[in-house]
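Participant: model this:
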Amino acid sequence: QVQLVESGGGLVQAGGSLRLSCAASGRATFSRDTMGWFRQAPAKEREFVAAIGWGPGRTDYADSVKGRFTISKDNDKNTVYLQMSTLKPEDTAVYYCAADIGHWSPATTEDNYQYWGQGTQVTVSS
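Facilitator: Coordinates of the predicted model:
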């Protein structure tokens, strides 16, 4: 069974940075799977943030985070990261890691992802 465990959330001031990690287990490798990050702010629906597939250039970002967030994957550690910079109060949300097993092209919709982590809270103060 695939399991995803997020870490790295916390409280940060606006303009600061955080790096989220998502440790994946339950498969020998996730190198050819798509991994994504979504977030859900209070009273809002969960939304796509970033995704990384297999192969060079296989990343996608929400417009709201382009140029500020970077997604990466360490296939040796089965871990995906989300480096967040120049954080804004509107980035405050619970951030979820997700896995789209067997697909190498990044997907931006929740329905494409079969496995989800429990989430990690990110709070950006103004």
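Participant: Tell me which residue is most central in the protein.
Facilitator: Closest to where the C-alpha atoms of the chain average out (Cα atoms, centre = their mean) is Trp37, at 2.3 Å.
Participant: Now do the same contact list for the residue nearest to Arg46 when sequence neighbours are not counted.
Facilitator: Using Cβ to Cβ, 6 or more residues apart in numbering and skipping the chain neighbours, the partner closest in space to Arg46 is Gln40 (4.1 Å). Using the backbone N, CA and C atoms, a C-beta is placed for each residue, glycine as well. Gln40 makes contacts with 46-47, 93-94, 96, 119, as judged by Cβ atoms under 8 Å, 6 or more residues apart in numbering.
Participant: Pick the one among the residues you listed closest to Cys22.
Facilitator: Tyr96 (8.9 Å; Cβ to Cβ).
Participant: ok, Gly117 touching Val2?
Facilitator: No: assessed by Cβ atoms under 8 Å, Gly117 is found out of contact with Val2, at 10.1 Å.
Participant: of those two, who's got more company?
Facilitator: With neighbours defined as other Cβ atoms under 10 Å, Gly117 and Val2 compare such that Gly117 has more, 20 against 14.
Participant: re the thing from before, weed out the non-buried ones from the contacts of Gln40.
Facilitator: Those of the contacts of Gln40 that meet the buried threshold are 46, 93-94, 96, 119, by 16 or more other Cβ atoms under 10 Å.
Participant: From the residues you listed, which land in strands?
Facilitator: Residues of these located in strands (DSSP state E): 93-94, 96.
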